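A.B. asks: coords below, sequence missing:
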């Protein structure tokens, strides 16, 4: 393994292979998909992910989202039993994680973290306690990671004394949220480390606990709404209707009438 080829966000620009589910390049996800399928999971990675296709037994793994994820839909998905993994260091995932009280920062310089070959960019995270995500994993090698903090959640993997978490997980309704502060731990190059490879298997099995595993990469577009959203959000159906109306060409009189109806519904809500 050539250590100089490890992903460095400040130096390497994104390319078509980065987080590509079919890419065998050093920064692709081909090995992750192979690991998940070897565990008997059905893996789906559509470029346009219709949220209405998600079922409570499914898992969704998001890697480095470049747009704020649809938090209301994903919260409803988890409330029904779905499991969501957010692997993100410098992307827009913080918009979703913040809603669950998880903050993301740079690692503290004061943390005495283990380093691979003395490289400060390659910090080693250790599991403070046993968890399904850390089974048979002695160490997780990170590549220029961020770290996570939550007032009530204990780290599944952490740097140093455990204050700087690399992996956090907690219950959301009947489902689970897994936050990973370094998505590059899952790329092909980093899966050459045994601990990372075993963790990848644990993660895919944990997320797709009884159904399919959906993978959303930076280029994935979300559409539709999760089917259970209407139960937890009374305005969901109204938002869906507004989206449909926006795509229909109507005469001026009909537009005025529709506007009055919408205003009335908003006032009532």
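C.D. replies: That came in fine, so what should we check first? The structure presented is a predicted model; accordingly, all values stated were derived computationally and were not measured.
A.B. asks: Surely residue 227 is in a strand?
C.D. replies: No. Judged by DSSP: H, G, I helix; E, B strand; the rest coil, residue 227 forms no part of a strand; its state is coil.
A.B. asks: The host helix or strand of residue 204 - what's its average pLDDT?
C.D. replies: Using DSSP states H and E, residue 204 sits within helix 194-207. Average pLDDT, helix 194-207: 98.
A.B. asks: Report the buried residues of it.
C.D. replies: For helix 194-207, a neighbour-count test (16 or more other CB atoms under 10 Å) marks 195-207 as buried. For the C-beta atoms, the positions are set from N, CA and C on the backbone; glycine is no exception.
A.B. asks: Mind putting the residues you listed into JSON lines with distance to residue 35?
C.D. replies: As requested, these are exported to JSON lines (distance: CB to CB, whole Å):
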{"residue": "195", "distance to residue 35": "13"}
{"residue": "196", "distance to residue 35": "10"}
{"residue": "197", "distance to residue 35": "7"}
{"residue": "198", "distance to residue 35": "9"}
{"residue": "199", "distance to residue 35": "10"}
{"residue": "200", "distance to residue 35": "5"}
{"residue": "201", "distance to residue 35": "5"}
{"residue": "202", "distance to residue 35": "10"}
{"residue": "203", "distance to residue 35": "9"}
{"residue": "204", "distance to residue 35": "6"}
{"residue": "205", "distance to residue 35": "9"}
{"residue": "206", "distance to residue 35": "13"}
{"residue": "207", "distance to residue 35": "12"}
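A.B. asks: Out of these, which is nearest to residue 142?
C.D. replies: Taking CB to CB as the measure, residue 142 lies nearest residue 196 of the buried residues of helix 194-207, at 9.0 Å.
A.B. asks: For the closest one, which residues are in contact?
C.D. replies: Contacts of residue 196 were listed using CB atoms under 8 Å, 6 or more residues apart in numbering, and they are 140, 141, 185, 186, 190.
A.B. asks: Residue 85 too?
C.D. replies: Counting by CB under 8 Å, 6+ apart, residue 85 touches 59, 60, 61, 62, 177, 178, 179, 180, 203, 207.
A.B. asks: Likewise for residue 217?
C.D. replies: So residue 217 contacts 19, 20, 21, 29, 45, 63, 64 (CB under 8 Å, 6+ apart).
A.B. asks: quick one: it and residue 28, what's the gap?
C.D. replies: Distance from residue 217 to residue 28, counting by CB to CB, to the nearest Å: 10 Å.
A.B. asks: anything in contact with each of these two?
C.D. replies: By CB under 8 Å, 6+ apart, the residues touching both residue 217 and residue 28 are 19, 20, 21.
A.B. asks: who wins for most neighbours among those?
C.D. replies: residue 19 (25 neighbours; other CB atoms under 10 Å).
A.B. asks: check which helix or strand covers that residue.
C.D. replies: Taking DSSP H and E as the definition, one finds residue 19 inside no helix or strand.
A.B. asks: Do you know the pLDDT at the nearest residue to it once chain neighbours are set aside?
C.D. replies: What sits nearest to residue 19 in space, not counting adjacent residues and going by CB to CB, 6 or more residues apart in numbering, is residue 217, at 4.4 Å. The confidence metric pLDDT takes the value 97 at residue 217.
A.B. asks: State the distance from residue 217 to residue 66.
C.D. replies: Distance, residue 217 to residue 66, using CB to CB: 10 Å.
A.B. asks: cool, residue 203 as well?
C.D. replies: Going from residue 203 to residue 66 by CB to CB gives 21 Å.
A.B. asks: ditto for residue 54
C.D. replies: Taking CB to CB as the measure, residue 54 falls 20 Å from residue 66.
A.B. asks: Compare those two (neighbour count), which wins?
C.D. replies: Higher neighbour count among residue 54 and residue 66: residue 54, with 26 against 13, using other CB under 10 Å.
A.B. asks: right, and that one touches residue 77 too?
C.D. replies: Yes. Counting by CB atoms under 8 Å, residue 54 touches residue 77, with 5.4 Å between them.
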